[in-house]
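A.B. asks: Sequence first, then the predicted structure:
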Amino acid sequence: MSRKEEKINNLKKHNRIAFALLVSMAVLVVLLSVLLIVEKSGIFYRGGSEGETGITAPERADDILRTDGIYQYALLKDGTVMVVSASPEESEDVSITVPDTLGGYKVTAIGQSCFALLMDLKTLVIPEGVTYIGRGFVYGTVNIKIQLPASLAQIDTLAFEGCSAPDEIRFAGTAEQWAAVKKGAGNSVLSRVVTS
């Protein structure tokens, strides 16, 4: 191999290395940007903090999860409970009506990702008395019908993230009550809500 060919091969090798480094740096910048956007949007649940939307997640009294039937729930500082998850029996069409009390405590909140990945969930009824719905609460559901209570005051950022457009979302209150509900960003499907 001539000296000229050797220089050309070395130059090509250095260019490939430089290109690989450039691509790696670009990927790193994109990942860091995404993480910054996710953090600023408040996707990571901290509980009790108030974000840009004015939505405040209820504060838990402790880190203990309690069980009542198919539900796991957490005590809140105000003496009520937040439903944390549900584990219904598998079937083709699951229908869940959340009770208004669990363990003798009033249900006032539905937690983050509470009904996430329940692919067979077709009907979900949230009881009166619930004032808060957390992020990603129906993440991964498809063709679901949801009934929201008139007592609802806050729907957190990205509550409907990852949910295919629901068949139907009904709100038990009036259009004026619905307008007063604080809704976090990333909930575009809420434009389809039908009021009483």
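C.D. replies: Yep, that arrived. Residues are numbered from 1 along each chain as shown.

A.B. asks: Quick one: list the elements packing against the strand or helix carrying residue 147.
C.D. replies: Taking DSSP states H and E as the criterion, residue 147 maps to strand 145-148. Packing contacts for strand 145-148, counted by 3 or more Cβ pairs under 8 Å, 6 or more residues apart in numbering; DSSP states H and E, involve strand 121-125, strand 168-171. Yep, even glycine has a C-beta here, placed from its N, CA and C like the rest.

A.B. asks: what's the closest of those to residue 103?
C.D. replies: strand 121-125 (19.5 Å; Cβ to Cβ).

A.B. asks: Nearest residue to the middle of this structure?
C.D. replies: residue 136 (1.5 Å; Cα atoms, centre = their mean).

A.B. asks: got a list of what it touches?
C.D. replies: Counting by Cβ atoms under 8 Å, 6 or more residues apart in numbering, residue 136 touches 112-113, 116, 158-159, 161-162.

A.B. asks: In whichever strand or helix holds residue 108, which residues are buried?
C.D. replies: Secondary-structure assignment from DSSP H and E places residue 108 in strand 105-110. Neighbour-count burial for strand 105-110 flags 105, 107-110 (criterion: 16 or more other Cβ atoms under 10 Å).

A.B. asks: Tell me what angle it forms with strand 121-125.
C.D. replies: Calculated by axes from the mean of the first three to the mean of the last three Cα atoms, to 10 degrees, strand 105-110 forms an angle of 120 degrees with strand 121-125.

A.B. asks: quick one: average pLDDT of strand 105-110?
C.D. replies: Strand 105-110 carries an average pLDDT of 98.

A.B. asks: so what secondary structure elements neighbour it?
C.D. replies: strand 71-75, strand 81-86, strand 132-133.

A.B. asks: hang on, the earlier thing: so can I have TSV of the buried residues of strand 105-110 showing distance to residue 92?
C.D. replies: Converted to TSV, the buried residues of strand 105-110 look like this (distance: Cβ to Cβ, whole Å):
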residue	distance to residue 92
105	32
107	27
108	32
109	29
110	24
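
A.B. asks: Could you look up the next helix or strand downstream of the least confident helix or strand in the chain by mean pLDDT?
C.D. replies: Counting by mean pLDDT, DSSP states H and E, the weakest-scoring helix or strand in the chain turns out to be helix 3-41, with a mean of 73. Tracing the chain C-terminally past helix 3-41 and defining elements by DSSP H and E, one meets strand 66-68 next.
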